[in-house]
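Chemist: Any chance you can model this:
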Amino acid sequence: MTADNEIDIKEAFQRAQKGHNNKAKLVASLKSRYNKLEDKTLFHEEFVHYLKYAMIVYKREPAVENVIEFVARFATSFQSPPKTEEEEEQQNEEEEEEEEVEDDHPFLSFIFNFLLESHKANSHAVRFRVCQLINKLLGSMAENAQIDDDLFDNIHQAMLVRVTDKFPNVRIQAALAMTRLQQPRDADCPTINAYMLILENDTNAEVRRAVLSCIAMSPLTLPKVLKRTRDIKENVRKLAYQVLAEKVHIKAFTIAQRVGLLQQGLHDNSEAVRDIVCSRLLPAWLRHLDGNVIQLLHRLDVENCADTALETLKAIFKSTPTEELLQNRVELDNRKLIPVDSLTCESVLYWRALCEFIRGKGDDGDEMLEQVLPDPATYAEYLCGYLKAVPVLSEEQRADFNQLELVMTKEFISQQLIHLIGCLDTNEEGGRKRVLAVLQEMLALPQTPASLVFLLTEKLLTLMPDDHRRTQTVAEIISDVREPITEASRPVDEKESRRQQVQLAEVKVRILEAKQTLEDCIAAQEFNRAAELKDSITDLENHRNQILQEIAESSQPADKEIRTEKNDPETLLRCLTMCAELLKQMNIKTRIGPTISALMSSLILPSIANAHPAVRNMAVVCLGTCTLHSKELAKTHMVLLLQIAQLDEVKIRISALRAIIDLLLLFGFQLLSETAATQAAPPSQSPDKQEDEAAATEDKGDAPEDTAQSILLMLSEFLDSEVSDLRTETAEGLAKLMYTGRMSSAKMLSRLVLLWYNPVTEDDTRLRHCLGIFFQLYARESRAHQELVEESFLPTVCTLLNAPATSPLAEVDINNVVELLVELTRPSALIKPSANTEEVCVHDYLAVRMCGEMLKDPTAPEVRLYAKTLSNLELSRDDTVRKDLQTLLQQLVQVVTDRVCRRALEKMVSQLVDSTEQAELLSASALQPLDVNADEAATDDPSKSAKRAKRGQRKACTAKGGRKPSRRAESSEESDSDGENVPESVPVVRPSRRAKAAALEKTKLDLNPLINQEANVS
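Modeler: Numbering: from 1, shown residues only. Reported below is the predicted structural model:
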């Protein structure tokens, strides 16, 4: 060693391996030695010589990581320190040549050139360390550092090559190294394009995470980052939300993107992702809006996504202290109500969410709830006044978008106010009666918007627990709406009215003439004539009064009140909506009474033939719900529902199909036998179709086969429908019937598997999600279900193999389908697996079936598929089954000509033979534990016993494989090569601290022996 402040290169590298050494002092000492050298070439060569020892180590050893950190610090220490703004202004005035001399230090350029020359090395360890060093070098430079354009381009090109490296760790470091090379404002930036390509296509989750952590946000990259919030890996989704929270302002998102982020994040399967959304994303958005929650709701467009907004508010309230909840409440007046003039969609939704959140606290929130909600009577009057103020638009006014938008806003506010009824304290009788009276009044008013009828009925029924009272109340409201009370009035006869007016005029003229004559007679003192005229005038006046009375009677309405039935679509739809909600709220065990029967005959059944589609649809919903309460009604109207499911519009057919599925779930296929006994069944199909669609029902002896087959054939045709909603509803219904045990059909299960894999249903998320969950739950439920899956194995495979080239099924990966069916039938996948390992399992039958298929045609192309599948089966330990299977395999080995298949079959035979011999050995040792000769025989050939043990272990690992072994194999290869993906550890006894320290010292890598050995050799 030289002077105290200097150090040679070898010692610097040796001391840099120790984590406790001060890297800054090492850098300063070595830099001092470097600066004193006139010829730097020897220093460069020796420095690189010792650096190579660290670069050939791929594993992330602490000693190697310390050396890499030291090299990065030393290389970047030659750069000039960051300058202030004043120094930068002075530097700008200097010549560019001096700047270049300062920025491009010889040692830094030498290190970069050495690394760039090494990035194409054959060793993945060297490539990894090259990318890691370039990443650390660029990251350690000052923020305003500059490098030569040629060097920039060389680094850029090298890292663009390395981001496509075979090893994920190399790709990670290369992606991180390009962080400072990206140019977000350039639409054609190669780094940005490479990052987006990695996010879309890289199979390694850690690589995608690395790119997410360093990609710059721009309008071009934002959609790619948003897509990673739906990544298959939890850690990637979690980091994507963190990046969006930290780097992107809320105003940079569209409304649809904000709603989508919250909807997906708050419903994510991973709790960690949900926590990130609540603890990072929402607080970041609120900070951008100065903590104004109402402004956040305004950014979400709550009218179109009320549910998402409510869940968002709930998440915000959970992280908010109780005192702040009441401080941040909406502006309420002294009545604890929002003034009508101040009601907005955002404020009323916030009020509702706050009240529901406080009410969810139970008894602890009662006092708080009293501070944000009035008493029920006051709130009922408030609600009644607002609902009556909602305008009713005419057809001409509906054409005006502004007026229509205003009414829609008022209806949304009304819906939230109605929801708030559920938070009121209705235990007090007076308040509850007033709320009930307001709800009944609103339902009976014809100007109440149709969109509010459902909610009003729901809240009304919630406040009345008794089904009989519910039925009577709703029936009275329906009667008042459909048959309002009106006063009877006589029809005005124009001819009669004109005749009366003429008579009245004549009488008036005659009275005037008689009075004039009377005056003349009195003047002439003709008193006898005057007396006669006076009597005639009296008669004329009486006649005039009689005519006036007749006219008054004909013009005045009669006191009699009558009911006039209304059959317009709006009225019928309003009544059917109330009826449907009533039937839905009724207990399923409540029988159909006279009131419901009257509604059936007078309202529901006539509406099924209505010309208006919405009325027909609601009538079908009511009919289907009503039949669930009465088996007799179900028998009577089953045929009608079947006809509607095949003939009407799509929406109405779906409603009828749901009703049919519900009836079969509740009553089973036995309902069909009773229906067929009283009414004609749907037309039967041809014998060929019956054979294709035959299915075993729950009660095979009772249900007539033709009726059951007719329904199953109809459902099978619906699975082929081009209407995605109808197809999805049918698949979901069949899954429910099979899972509940109402039907058992291998062919129908095969149809569902093919439908799940069919590319036509790729965009049908609901269908794929439903069937994906059904297959797992159904197969794991019982052994009988696994046997049904095994029975559907060959029909499914044959359908895919025989699919024509024009069929979408020709694009399906048959290997993936076979892997799925094998995993579903695996005995260890059962929720309650059998404890008897000797029992014949489903895979035994499946193996025999596949062997039989291969023996039928040993030259068929699917033989290779079957041979490959045999090795993935989890066979039982039953000796008889193994011997039979061994015999079949030996026959196959003799007849199969394909070399790959024969090799796989021979391997399977050898495994069966070895396992049989091992079982015999174990049984012999168990029967004769004291036999010394047996022990010697068992230990004669230790290599053979070890080999057998390994085979058994391999088979056990295969048995525990996942759904897609190919992916597992790929991940295992990556873990072997990377050294970072550590497999899950087996729980063991925790060692002492001293033992752990000793073990850690043994596993630490020390580069000193390698360096010293190289020095001795040289």
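Chemist: show me where the protein has strands.
Modeler: Here the chain has its strands, by DSSP state E, at 485-487, 561-563, 696-697, 743-744.
Chemist: Tell me where the model's unsure across the stretch 301-450 of the chain.
Modeler: Low-confidence segments of the stretch 301-450 of the chain, defined by pLDDT under 70: 328-329.
Chemist: ranges for the helices of it?
Modeler: In the stretch 301-450 of the chain, the helices defined using DSSP state H, counting those that start in this stretch lie at 306-318, 322-327, 345-359, 366-372, 376-388, 395-398, 401-419, 429-444.
Chemist: Quick one: mean pLDDT over stretch 848-859.
Modeler: Mean per-residue pLDDT for stretch 848-859: 87.
Chemist: got the contact list for that stretch?
Modeler: 790, 793-794, 860, 862-863, 866-867, 869-870, 884-885, 888-889, 891-892, 895-898 (C-beta atoms under 8 Å, 6 or more residues apart in numbering). (C-beta placed from N, C-alpha, C; glycine too.)
Chemist: So which of the residues you listed sit within helices?
Modeler: Residues of the contacts of stretch 848-859 located in helices (DSSP state H): 790, 793-794, 862-863, 866-867, 869-870, 884-885, 888-889, 891-892, 895.
Chemist: Just the buried residues of the contacts of stretch 848-859.
Modeler: Using 16 or more other C-beta atoms under 10 Å as the burial test, the contacts of stretch 848-859 include 790, 793-794, 862-863, 866-867, 869-870, 885, 888-889, 892, 896, 898 as buried.
Chemist: that older thread, worst mean pLDDT among the strands of the chain?
Modeler: strand 696-697 (a mean of 40).
Chemist: Specify which member of the ones in helices among the contacts of stretch 848-859 is nearest to Val170.
Modeler: If you rank the ones in helices among the contacts of stretch 848-859 by distance to Val170 using C-beta to C-beta, Thr869 comes first, at 35.7 Å.
Chemist: Look up how far Asn122 lies from that closest one.
Modeler: Thr869 is 38 Å from Asn122, where distance means C-beta to C-beta, to the nearest Å.
Chemist: Repeat that for Ile7.
Modeler: 34 Å.
Chemist: neighbour-wise, which of these two wins?
Modeler: For Ile7 versus Asn122, neighbours defined as other C-beta atoms under 10 Å are more numerous around Ile7 (21 against 6).
Chemist: Excluding covalently adjacent residues, which one is nearest to the more buried one?
Modeler: Once flanking residues are discounted, Ile7 sits nearest to Ser29: 4.2 Å by C-beta to C-beta, 6 or more residues apart in numbering.
Chemist: Distance check, the closest residue to Glu234 other than its chain neighbours against Val248.
Modeler: Spatially, and ignoring its direct neighbours in sequence, Glu234 is nearest to Ser270 (4.4 Å; C-beta to C-beta, 6+ apart). For Ser270, the distance to Val248 (C-beta to C-beta) stands at 21 Å.
Chemist: of those two, who's got more company?
Modeler: It is Val248, of Ser270 and Val248, that has more neighbours when counted by other C-beta under 10 Å, with 19 against 14.
Chemist: Now for the nearest residue to that one once chain neighbours are set aside: which residues touch it?
Modeler: Spatial nearest neighbour of Val248, chain neighbours left out: Met217 (5.5 Å); criterion: C-beta to C-beta, 6+ apart. When contacts are counted by C-beta under 8 Å, 6+ apart, Met217 touches Pro184, Val225, Val243, Lys247, Val248, Ala252.
Chemist: and Asp898, what does it touch?
Modeler: By C-beta under 8 Å, 6+ apart, the residues touching Asp898 are Thr859, Val863, Arg864.
Chemist: For burial, what's the neighbour tally of the first one?
Modeler: Other residues within reach of Thr859, judged by other C-beta under 10 Å, total 10.
Chemist: would you turn the helices of the stretch 301-450 of the chain into TSV with distance to Asp764 and mean neighbour count?
Modeler: Converted to TSV, the helices of the stretch 301-450 of the chain look like this (distance: least, C-beta to C-beta, whole Å; neighbours: other C-beta atoms under 10 Å):
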stretch	distance to Asp764	mean neighbour count
helix 306-318	22	19
helix 322-327	42	12
helix 345-359	32	22
helix 366-372	43	14
helix 376-388	40	18
helix 395-398	34	10
helix 401-419	30	17
helix 429-444	38	18
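Chemist: I'd assumed Glu790 was in contact with Tyr845.
Modeler: Yes. Counting by C-beta atoms under 8 Å, Tyr845 does reach Glu790; the two are 5.9 Å apart.
Chemist: the domain parsing of this protein - what is it?
Modeler: Listed by the TED database, the domain ranges of the chain are 9-79+104-181, 320-463, 493-554, 567-667.
Chemist: Low-confidence bits of the stretch 101-250 of the chain, can you list those?
Modeler: In the predicted model of the stretch 101-250 of the chain, residues 101-104 satisfy pLDDT under 70.
Chemist: Quick check: most distant residue from the centroid of the protein.
Modeler: For the chain, the residue at maximal distance from the C-alpha centroid (C-alpha atoms, centre = their mean) is Gln525, at 111.1 Å.
Chemist: where does it land on pLDDT?
Modeler: 79.
Chemist: Also Ala926?
Modeler: In this prediction Ala926 is given a pLDDT of 40.
Chemist: Also Thr471?
Modeler: pLDDT, Thr471: 92.
Chemist: How much space separates it from Met178?
Modeler: Counting by C-beta to C-beta, the gap from Thr471 to Met178 is 71 Å.
Chemist: The two: which has the busier surroundings?
Modeler: Counted by other C-beta under 10 Å, Thr471 and Met178 do not tie: Met178 has more neighbours, with 28 against 22.
Chemist: Is His637 in contact with Leu628, as I believe?
Modeler: No. His637 sits out of contact with Leu628 when judged by C-beta under 8 Å, with a separation of 11.3 Å.
Chemist: quick check, nearest of the ones in helices among the contacts of stretch 848-859 to Val236?
Modeler: For the ones in helices among the contacts of stretch 848-859, the residue nearest Val236 by C-beta to C-beta is Thr869; the value is 32.4 Å.
Chemist: Now that closest one: closest residue in space that isn't a chain neighbour?
Modeler: Val818 (5.4 Å).
Chemist: Check whether the one you found really touches Leu794, as I assumed.
Modeler: No. Between Val818 and Leu794 there is no contact under C-beta under 8 Å: 10.7 Å.
Chemist: so where is the stretch 601-750 of the chain shaky, pLDDT-wise?
Modeler: The stretch 601-750 of the chain contains residues with pLDDT under 70 at 674-706.
Chemist: hey, where'd the helices end up in the stretch 451-600 of the chain?
Modeler: Using DSSP H, counting those that start in this stretch, helices in the stretch 451-600 of the chain cover 453-462, 467-482, 494-523, 527-555, 569-585, 594-599.
Chemist: mean confidence score for the shortest one?
Modeler: Pointing back at helix 594-599 there. So the average pLDDT for helix 594-599 ends up being 91.
Chemist: what's next to it, contact-wise?
Modeler: Contacts of helix 594-599 (C-beta under 8 Å, 6+ apart): Thr471, Gln472, Ala475, Ile478, Cys579, Leu583, Cys626, His629.
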